[in-house]
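In: curious how this folds, go ahead:
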Amino acid sequence: MTQDFQPPSAVTVDPHTLSRRAVVALVAGFFVIVLGALSVMVGLPYVVMQPGPVTNTLDTLSGSQLITISGARTYPTRGALDFTTVRVVGGPGVRVTVWDLLAAKLSPDQDILPEGALFPTGITNKQVQEQNTAEMVDSQQVAVAVALRATGRTVPQHLVLAEVAPDAPSAAVLRAGDVVEAVDGTPVTTSEQIRAAISRHKPGEFVQLRLLRHGTEISVAAKTHSSAGRTTIGVFLGLRFTFPVDVKINAGDVGGPSAGTMFALGVYDKLTPGALTGGQNIAGTGTIDVTGAVGPIGGIRQKLAGARAGGARWFLAPAADCNEVVGHVPDGLRVVKMATFDQARSSVEAIAAGRGGTLPTCTG
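Out: Okay, here's the model as predicted:
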């Protein structure tokens, strides 16, 4: 039997229609590629704060002891007294992309802030690094002084002109490093005393300074001017110490003042018999001043997360940061609040003795 075979109908294609579709597809693909490239290349005026690494002040860093001491007997120790850090993505000259912001938005341990919240307008990346380095150096010096005094040693301190502004009225007669001994004939020992004495003058008047420069006592008449509504001589004050023991701290490329309390604990531990931590892994943060007062820091949430990721079971937090601590403590980490170096030290001793559960913590 013969069966008729009917070939399939031919499909008619309009070449003009195909061209339009191809063009639309090509254009759409082009814009996707461009948008993707722009999302990576175009920087946004924000910064992302992420948990940074932790470093044990009792251990080594890059093959060398983080704290080295000469001129005094030191003692073996164990455990960890970690200082914590925050990694900042973005900032002057290094802006974040939309992908950085999306990743931060999805992470409970990251925060997004306007760039201006951390960096003044117009500041350069080099200036940020220089400022952070200067703050770290000052923080280390104060930490060493506090630790040495806690061991019963005498540490004389001196007020110095840390920096003289180039446009200061008396920039020609003042020098960075000058030790300030007296203002208008009255001996001074604190920066508050110096500022109070200068503020009693009207802008344009002269203030008499007795300085110690390279071991020689000199007298200088410094002209005042007005800045931000205050009478000033255009200098930045700092502290310098005469240490009876040589202590060096190598913190690598970390900057800022927030590791001061942990540095002081590390120095104290090495200068006193026994392991202060009792072998416990303790992390923490907090600035420190010459009186031993512990001050607040930034990025406490990130530091808590970083501490737990680094293996810490205990965290020493400045009492002034407690509001930001509550609700953000990782599982397995217990926070102990402190306001002074003495409280920090006694807290570490209590943790070592198994009494850490009785220490005050941050509460809502």
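In: OK, contacts around residue 180?
Out: Contact analysis of residue 180 by C-beta atoms under 8 Å, 6 or more residues apart in numbering lists 159, 160, 161, 188, 194, 209, 210, 211, 237. (Glycine included, C-beta is placed from N, CA and C.)
In: what about stretch 216-231, average pLDDT?
Out: Averaged across stretch 216-231, the pLDDT comes to 94.
In: any idea how far it is from the chain center?
Out: Using C-alpha atoms, centre = their mean, to the nearest Å, the mean C-alpha position of stretch 216-231 is found 31 Å from that of the whole chain.
In: likewise for stretch 112-131?
Out: The chain centre lies 13 Å from the centre of stretch 112-131; the measure is C-alpha atoms, centre = their mean.
In: contacts for it next, please.
Out: 45-49, 88, 90-95, 101, 104-105, 255, 298.
In: can you tell me the SS state at residue 81?
Out: On the three-state scheme (DSSP: H, G, I helix; E, B strand; the rest coil), residue 81 is labelled strand.
In: surely it touches residue 269?
Out: Yes - counting by C-beta atoms under 8 Å, residue 81 touches residue 269, with 6.6 Å between them.
In: neighbour count: these two, which is higher?
Out: Between residue 81 and residue 269, counted using other C-beta atoms under 10 Å, the more crowded position is residue 81 (32 against 24).
In: for the residue nearest to residue 212 when sequence neighbours are not counted, what are its contacts?
Out: The shortest distance from residue 212 to any non-neighbouring residue, by C-beta to C-beta, 6 or more residues apart in numbering, is to residue 179 (3.9 Å). When contacts are counted by C-beta under 8 Å, 6+ apart, residue 179 touches 158, 159, 160, 211, 212, 213, 240.
In: cutoff 7 Å now
Out: Counting by C-beta atoms under 7 Å, 6 or more residues apart in numbering, residue 179 makes contact with 158, 159, 160, 211, 212.
In: next one: residue 219
Out: Neighbours of residue 219 in contact, by C-beta under 7 Å, 6+ apart: 208, 210.
In: tell me if it really is in a strand.
Out: Yes - assessed with three-state DSSP, residue 219 lies in a strand.
In: for it, give the beta-bridge partners.
Out: residue 210 (DSSP bridges).
In: got it, and residue 67?
Out: Counting by DSSP bridges, residue 67 is bridged to residue 249.
In: go ahead and measure how far stretch 304-315 is from the middle of the chain.
Out: In terms of C-alpha atoms, centre = their mean, the gap separating the centre of stretch 304-315 from the centre of its chain is 17 Å.
In: any idea how far apart the tips of it sit?
Out: 7 Å (C-alpha to C-alpha, to the nearest Å).
In: gap between the spatially most central residue of the chain and residue 287?
Out: In the chain, the residue lying closest to the centroid (C-alpha atoms, centre = their mean) is residue 256, at 3.6 Å. The span separating residue 256 from residue 287 equals 9 Å under the rule C-beta to C-beta, to the nearest Å.
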